[in-house]
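Peer 1: Dropping the sequence and predicted coords here.
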Amino acid sequence: MNRTFACTACGRTVREDDGETAYLKDDLPLCRECAAKIRILYPRSFTWQSTYTESSDGFDAGSDERTVWVDPLADMTMEEYREALPAAESVRERMRAELGGGKAYFRVDDNKRRLKNAGKGRIVPSDYTVSGTVILGSFTAEDTIRVHRRGKTLTVKADSAERIIKGLVPKPSEFLDEGCHGILVFKEDVPFIYPGDILEICGQEETV
Amino acid sequence: MAETMVVRMDLGPCAVCGRPAFTVYGGGTVVLADQAPLCGNCVRRIRFLYPVSQRMQRDMWITDDALVKLNTEEVREVMKTAPDRLENLRDANDGCDAVFRVDQVQTEKTGLFRIPVLRLKGYPLYGRFNMGEDAVLIHEGTAYPVHLDDVAGGSLLSRAGEAGYECTLKIPAKGIPASPGDTVVKTGRQEKL
Ligand SMILES: [Zn+2]
Ligand SMILES: [Zn+2]
């Protein structure tokens, strides 16, 4: 999609980025950066939706079930968006005081291994993935990840990062920003990362 | 005129994290004692403390889940203490990354000249066991390196076993003694860091 639009908040002309652009009430477009400013308070989330069509003569004319991303921004007016900016900032400050001085923080939902099709119906294990939400800040896959475990800190690096923009298929992404649902991909097992963990992300220069 | 109905397939927002709680497609939502839904992501954080079990009753499988007896406030409290309880469990297991308790052992013959397969049925107490990984079977105090040829019956289609859900680890039986009460552990990775 190559349509361009002027962001309702910052006025910049931006290209419509499939799935990344947010729309406020009455379809007012917001660029990704402007939407990201309040994602800490209004993250997108996904669920399943079923669509059932009944034809005029009462017959089932088809149904399907698919994932949908629910965006709370879609119900907001521009005024509500502006009011959310300082509210988001105060949440950010509170969380920074709670969590510490890391560049970003990522809450883990799951840690699992991918399977891939090796041909002839053979399924083989592949990369390890840690999925979750960026709860504060933003970062890239090159950054250092710290896992805090009672008195000790483990340091690891992801091999790449992905994010889910549409549907449930992740796409490689250079960065994961605040409020987004992201995936950290590892070639090696990271069995010490558990669901519910909050990973601290530090800049590259802090690598030990 | 054709009429289209669109229905959200979730039970509303999760009582703890607010995200849509769905049960379909492996969503894993649990409805708590106060009828509030707890989404699969929140359940996964505390499932190791409330393992799911199944039993046969008059030709029907009944699932017992102690988590459904808790209300939202109780779950919030459990979620607060869960990381410490997981650390205690890890300490009690020599810092292993994952621990599986063997409840049943079956030997499966796979062919006349082929190495039989041991099917170890049980529960991951914490951590995760994936198909294709190396692990260690602890039998009567002795450690035997094993390879997980497959993991069945855990989370849907993932070929993995996760904490709190019964699953079966399949390992080559050659020279491996195993009996109920043994453990299979994943070691090492954390120690190397
Ligand atoms: Zn903008
Ligand atoms: Zn939840």
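Peer 2: Perfect, thanks for sending it. Ligands and ions are numbered 1, 2, ... in the order given.

Peer 1: Determine the next helix or strand in the C-terminal direction from the lengthiest helix in chain A.
Peer 2: As assigned by DSSP state H, the longest helix anywhere in chain A is helix A:78-99. Using DSSP states H and E, the helix or strand that follows helix A:78-99 towards the C-terminus is strand A:104-117.

Peer 1: Is that next one positioned near ligand 2?
Peer 2: No: applying CB under 5 Å from the ion, one finds strand A:104-117 out of contact with ligand 2, separated by at least 9.0 Å. C-beta coordinates here come from the backbone N, C-alpha and C atoms, glycine included.

Peer 1: Next, report how far the helix or strand following that strand is displaced from the centre of its chain.
Peer 2: Sequence-wise, the next helix or strand downstream of strand A:104-117 (DSSP H and E) is strand A:123-137. Its chain's C-alpha centre and that of strand A:123-137 lie 11 Å apart, by CA atoms, centre = their mean, to the nearest Å.

Peer 1: What pairs with strand A:123-137, parallel or antiparallel?
Peer 2: strand A:104-117 (antiparallel), strand A:181-186 (antiparallel) (DSSP bridges).

Peer 1: who's in contact with the helix or strand following that strand?
Peer 2: Per DSSP H and E, the first helix or strand lying C-terminal to strand A:123-137 is strand A:139-140. If you take CB atoms under 8 Å, 6 or more residues apart in numbering or on different chains as the criterion, strand A:139-140 is touched by A:103-104, A:106, A:161, A:174-176, A:201.

Peer 1: looking only at pLDDT, what's the mean for strand A:139-140?
Peer 2: The pLDDT scores in strand A:139-140 average 94.

Peer 1: Is any residue of stretch B:115-135 near chain A?
Peer 2: Yes: judged by CB under 8 Å from any CB of the partner chain, stretch B:115-135 comes into contact with chain A at B:126-128, B:130-133.

Peer 1: Name the member of those with the most neighbours.
Peer 2: Within the residues of stretch B:115-135 next to chain A, most neighbours by other CB atoms under 10 Å in any protein chain shown means B:Arg128, with 27 neighbours.

Peer 1: how about the contacts of strand A:139-140 in CSV, adding neighbour count and distance to ligand 1?
Peer 2: As requested, these are arranged in CSV below (neighbours: other CB atoms under 10 Å in any protein chain shown; distance: CB to the ion, whole Å):
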residue, neighbour count, distance to ligand 1
A:Lys103, 17, 23
A:Ala104, 23, 21
A:Phe106, 27, 24
A:Ala161, 21, 23
A:Glu174, 10, 19
A:Phe175, 16, 17
A:Leu176, 27, 19
A:Ile201, 23, 25
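
Peer 1: Any idea how far the least confident helix or strand in chain A by mean pLDDT is from the middle of the chain?
Peer 2: Across the helices and strands of chain A, mean confidence by mean pLDDT, DSSP states H and E is lowest for strand A:60-70: a mean of 82. Relative to the centre of its chain, strand A:60-70 is centred 22 Å away, using CA atoms, centre = their mean.

Peer 1: Low-confidence bits of chain B, can you list those?
Peer 2: B:1, B:154-157, B:188-193 (pLDDT under 70).

Peer 1: Let's see that with 90 instead.
Peer 2: Within chain B, the stretches with pLDDT under 90 are B:1-8, B:23-28, B:53-63, B:91, B:94-95, B:108-115, B:132, B:152-160, B:173-175, B:187-193.

Peer 1: quick one: contacts for the residue of chain A found nearest ligand 2?
Peer 2: Going by CB to the ion, ligand 2 is nearest to A:Asp109 of chain A, at 9.0 Å. By CB under 8 Å, 6+ apart, the contact list for A:Asp109 reads A:131-133, A:195, B:41, B:44.

Peer 1: List just the nearest of the contacts of strand A:139-140 to B:Gly141.
Peer 2: Distances from B:Gly141 to the contacts of strand A:139-140, taken as CB to CB, are shortest for A:Phe106 (39.5 Å).

Peer 1: Now the terminal residues of stretch B:30-50, how far apart.
Peer 2: End-to-end distance of stretch B:30-50 (CA to CA, to the nearest Å): 12 Å.

Peer 1: Please compute how far that stretch lies from its chain's middle.
Peer 2: With CA atoms, centre = their mean as the basis, stretch B:30-50 stands 14 Å off its chain's centre.

Peer 1: Please point out which parts of that stretch sit buried.
Peer 2: Residues of stretch B:30-50 classed as buried: B:30, B:32, B:36-50 (neighbour count, 16 or more other CB atoms under 10 Å in any protein chain shown).

Peer 1: so how many other residues sit close to the closest residue to A:Asn117 other than its chain neighbours?
Peer 2: In space, and not counting its chain neighbours, A:Asn117 is closest to A:Ile123: 6.2 Å by CB to CB, 6 or more residues apart in numbering or on different chains. When neighbours are defined as other CB under 10 Å, A:Ile123 has 14 of them.

Peer 1: isn't A:Ile123 right next to A:Arg113, touching?
Peer 2: No: A:Ile123 lies out of contact with A:Arg113 (CB atoms under 8 Å); the separation is 11.5 Å.

Peer 1: Give the full set of residues in contact with B:Leu49.
Peer 2: B:78, B:82, B:85, B:164.

Peer 1: repeat for A:Ile183
Peer 2: A:Ile183 neighbours (CB under 8 Å, 6+ apart): A:129-131, A:161-164, A:170.

Peer 1: okay if I get the strands paired with strand A:123-137 as a markdown table plus mean pLDDT?
Peer 2: Converted to a markdown table, the strands paired with strand A:123-137 look like this (pLDDT from 0 to 100):
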| stretch | mean pLDDT |
| --- | --- |
| strand A:104-117 | 93 |
| strand A:181-186 | 95 |
